[in-house]
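> Structure of the sequence below:
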Amino acid sequence: MNCIIVSLLLAITSIVALEAEAADGRPNVLFIVSDDLNCLLGCYGDPLAKTPNIDRLAARGVRFDRAYCAFPLCGPSRNSFLTGLYPNSTGIHENGQVFRQTIPSQRSMPQAFRLAGYFAARVGKLFHYNVPMSVGTNGHDDPGSWELELNPAGVDRLVEEPSITSLRPGEFGGTLSWYASPRGDREHTDGMLAEDAAWVLERCGRDRSRPFFLAVGFFRPHTPFVAPQTPYFEMHPEEQMPVVSGSANTRQGVPAAAFASRKPEQDAMTDQQRRQARQAYAASISFLDAQVGHVIDALDRLGLADDTIVVFTSDHGYHMGEHGLYQKMSLFEESARVPLIVVTPGKGRAGGVARSPVAHVDIFPTLAALCGIEPPANLQGQNLVPLLEDPAATGRGWAVTQVHRQRGPSKAGAKPAGEAPSPSRFYGYSLRTPRWRYTEWDEGREGRELYDHDADPHELANLADEPAHATAVADLSKQLAAAVKQTLPPSGTVPQVRPATWNPNLTKP
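Residues are numbered from 1 along each chain as shown. Down below sits the predicted model:
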């Protein structure tokens with residue numbers, strides 16, 4: 001009898017403790033990441049977009065009009081915002097690398113939430129995956145960051161690849177490729193992801209003993225641009241799709257490094273192919289939007305919306321013909337800029353628009369502040385809570401994006417910031433302020449760019465060599481140099497990638 005009484009007392013004590021934890025006031029977090037999505041969204045002013053669900057999410061929270069990735073490539077960007085460190089501090093400048101190979105003891109954002117008692121779950125792509133080949137796998141994931149990982153794979157990966165049109169036949173991820181599928185939403189990977197996310201939310205809604213950090217990584221609109229023909233391709237008739245023209249003229253007076261992401265097969269596209277690619281990209285965005293809506297509807301239906309912070313973003317931007325470029329890996333606005341929406345129930349300003357430049361590295365310190373999480377001391381972003389409360393606030397007031405380029409041994413230059421000299425690689429760094437985009441390639445040795453966004457939002461006229469802007473160039477060059485220093489770890493040396501020998505189970509609480 002005594003044993004039974006003790007057991008009951010222990011059970012009651014546990015229930016009381018769980019109820020106390022559930023009532024501690026900490027909000028949940030729903031972190032939604034799209035893949036290769038630029039700002040062709042209704043809430044960002046695109047007249048052709050059909051994105052009602054992302055638009056209504058923006059109406060609930062603050063939309064950051066000038067948000068920028070740290071590096072316009074999936075792996076470096078994702079490792080950056082998931083650790084709150086710039087690529088120069090993670091050591092990740094390529095796909096296929098993980099931060100545990102460079103800074104193995106660093107706490108990632110989801111891991112910090114886990115260690116603080118949150119239930120941390122991932123559905124789909126958060127750390128880098130090769131798309132489409134890694135769909136349905138863990139890819140280059142970090143096991144210590146999550147308690148639950150779900151990796152569905154749909155017909156777009158398992159059935160339809162032989163039917164996909166590609167500019168390089170048989171290749172889908174690294175070039176433009178598209179397909180209007182005859183199959184419905186729930187048969188596609190992102191549709192399955194949305195269902196899995198709703199399933200996790202249902203379980204979290206039933207058991208509220210712990211707050212949750214649920215990360216949902218959608219694959220769309222990454223190539224191949226695959227979405228159901230009905231209704232998504234039909235929403236965007238091919239004949240109505242715009243074709244960017246006159247791009248060759250924009251290359252005059254611009255450093256060659258700015259266009260190094262060009263691919264020969266894309267230069268040879270016909271206008272019909274450009275319209276088809278644009279249609280497929282728009283259809284993929286609308287398909288993504290519907291899946292985001294499915295997840296948000298589940299959040300609302302389960303009564304979780306009032307206690308859940310929602311963040312929506314993309315890993316980087318994307319070109320659709322601007323400057324003669326497609327896809328990513330440039331430092332122009334279309335590639336560096338990302339959508340960023342933050343919904344904070346009971347806080348912030350619903351429907352607010354923050355126009356001061358912000359960065360992906362700002363997400364981790366912001367969520368930590370909102371949720372009372374103790375973040376790592378070395379985070380390099382700013383806390384955006386003041387901008388959520390007053391979107392007119394300026395905050396840091398700038399954002400920096402970097403990318404690398406290759407060259408021949410005969411043009412080896414001085415070392416990039418924080419790295420040993422390389423005969424083949426140099427870096428470009430771009431500073432975005434409210435008015436200017438200023439870019440230096442190899443600290444100016446490979447050229448400079450200056451664009452006045454007040455007069456030239458499409459970055460068509462490079463003003464860097466004009467005498468009238470010499471003072472602006474000098475001032476921005478100093479500001480950029482100071483910003484680049486802030487991307488480095490305290491040692492000033494970029495961490496080097498090494499074999500992954502850590503035991504991921506040691507990082508689990």
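> rest of the way, CA atoms for contacts and neighbours
Fine.
> How about the helix or strand that contains residue 156, which residues are buried there?
With elements taken from DSSP states H and E, the one containing residue 156 is helix 155-158. Neighbour counts using 16 or more other CA atoms under 10 Å place 155, 156, 157 of helix 155-158 among the buried residues.
> what does stretch 167-179 give?
In stretch 167-179, counting by 16+ other CA under 10 Å, buried: 167, 171, 172, 173, 174, 175, 176, 177, 178, 179.
> same question, stretch 431-445
Those would be 431-443, for stretch 431-445 by 16+ other CA under 10 Å.
> For the residue nearest to the spatial centre of the chain, report the pLDDT, please.
Nearest to the geometric centre of the chain sits residue 315, at 1.9 Å (CA atoms, centre = their mean). Note for residue 315: predicted pLDDT of 98.
> and if you look at the one 10 residues further on?
What the model reports for residue 325 is a pLDDT of 95.
> check contacts around it.
Going by CA atoms under 8 Å, 6 or more residues apart in numbering, residue 325 touches 259, 261, 262, 266, 319.
> Inside helices: which ones of those?
Using DSSP state H, the subset of the contacts of residue 325 located in helices is residue 266.
> downstream neighbour of the helix holding residue 156 in the secondary structure list?
As the chain continues past helix 155-158, the following element, by DSSP H and E, is strand 165-166.
> packing partners for that next one?
Helices and strands touching strand 165-166, by 3 or more CA pairs under 8 Å, 6 or more residues apart in numbering; DSSP states H and E, are strand 177-181.
> pLDDT on the next helix or strand after the strand it packs on, on average?
Where DSSP H and E defines the elements, the next helix or strand beyond strand 177-181 is helix 189-206. Regarding helix 189-206, the rounded mean pLDDT is 97.
> Show me which positions of helix 189-206 end up buried.
Going by 16+ other CA under 10 Å, helix 189-206 has these buried residues: 189-198, 200-202, 204-205.
> same deal with stretch 146-161?
Of all the residues in stretch 146-161, those buried under the rule 16+ other CA under 10 Å are 146-147, 149-157, 160-161.
> CSV for those, including pLDDT and distance to residue 493?
Conversion of the buried residues of stretch 146-161 to CSV gives the following (pLDDT from 0 to 100; distance: CA to CA, whole Å):
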residue, pLDDT, distance to residue 493
146, 97, 29
147, 97, 33
149, 97, 33
150, 97, 36
151, 97, 36
152, 97, 39
153, 97, 40
154, 98, 42
155, 98, 45
156, 97, 42
157, 96, 40
160, 97, 45
161, 95, 43
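> between those residues, which is closest to residue 279?
residue 156 (17.4 Å; CA to CA).
> Setting aside sequence neighbours, what's the nearest residue to the closest one?
Once flanking residues are discounted, residue 156 sits nearest to residue 188: 5.8 Å by CA to CA, 6 or more residues apart in numbering.
> just to revisit the earlier point, and the helix holding residue 156, how far out from the chain middle?
23 Å (CA atoms, centre = their mean, to the nearest Å).
> Now do that helix: which elements does it pack against?
Against helix 155-158 (3+ CA pairs under 8 Å, 6+ apart) you get helix 189-206.
> quick one: low-confidence parts of this structure?
1-24, 246-250, 408-423, 499-509 (pLDDT under 70).
> all helices in it, in order from the N-terminus.
Using DSSP H, helices in the chain cover 2-22, 52-60, 74-83, 87-90, 109-115, 155-158, 189-206, 234-235, 264-267, 271-301, 333-336, 363-371, 385-389, 470-486.
> Nearest to residue 126, out of those?
helix 74-83 (6.9 Å).
> Report all helices and strands that the closest one contacts.
Helix 74-83 packs on helix 87-90, helix 109-115, helix 363-371, going by 3+ CA pairs under 8 Å, 6+ apart.
> Take these and write them to CSV, including mean neighbour count and distance to residue 136.
Shown next, in CSV, are the helices and strands packed on helix 74-83 (neighbours: other CA atoms under 10 Å; distance: least, CA to CA, whole Å):
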stretch, mean neighbour count, distance to residue 136
helix 87-90, 28, 26
helix 109-115, 23, 21
helix 363-371, 21, 27
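> show me the contacts for residue 345.
By CA under 8 Å, 6+ apart, the neighbours of residue 345 are 61, 305, 306, 307, 308, 309.
> please redo it, this time with the cut-off set to 10 Å
Residue 345 makes contacts with 27, 60, 61, 305, 306, 307, 308, 309, 310, as judged by CA atoms under 10 Å, 6 or more residues apart in numbering.
> From residue 64, how far out is it?
Separation of residue 345 from residue 64 (CA to CA, to the nearest Å): 17 Å.
> and what of residue 162?
39 Å.
> who has more neighbours, the two?
In terms of neighbours (other CA atoms under 10 Å), residue 64 is the more surrounded of residue 162 and residue 64; the figures are 25 against 11.
> hang on, isn't the more buried one packed against residue 363?
No. Residue 64 lies out of contact with residue 363 (CA atoms under 10 Å); the separation is 11.7 Å.
> Between the two, which contacts overlap?
Taking CA under 10 Å, 6+ apart as the criterion, residue 64 and residue 363 both touch 340, 342.
> Can you give me every residue that contacts the residue nearest to the centre of the chain?
33-38, 68-81, 126, 128, 217, 336-339, 360.
> hmm, back to that, now, the buried residues of stretch 431-445 that are in strands?
431, 432, 436, 437, 438, 439, 440, 441 (DSSP state E).
> just those now: which is nearest residue 288?
Nearest to residue 288 among these is residue 432, at 28.2 Å by CA to CA.
> The closest one: what's it in contact with?
With contact set as CA under 10 Å, 6+ apart, residue 432 has these partners: 66-68, 333, 336-337, 356-358, 397-401, 438-439, 451, 453, 476, 480.
> and it, how far is that from residue 56?
Remark: distance between residue 432 and residue 56 (CA to CA) = 28 Å.
> doesn't residue 149 make contact with residue 119?
No. Look at residue 119 against residue 149 with CA under 10 Å: they stay out of range, at 11.7 Å.
> ok, back up a step: name the member of the buried residues of stretch 167-179 with the shortest distance to residue 135.
residue 173 (11.3 Å).
> Please list all residues in contact with that closest one.
130, 131, 132, 133, 166, 222, 223, 224, 225.
> if you set the cut-off to 7 Å instead, what comes out?
131, 132, 223, 224 (CA atoms under 7 Å, 6 or more residues apart in numbering).
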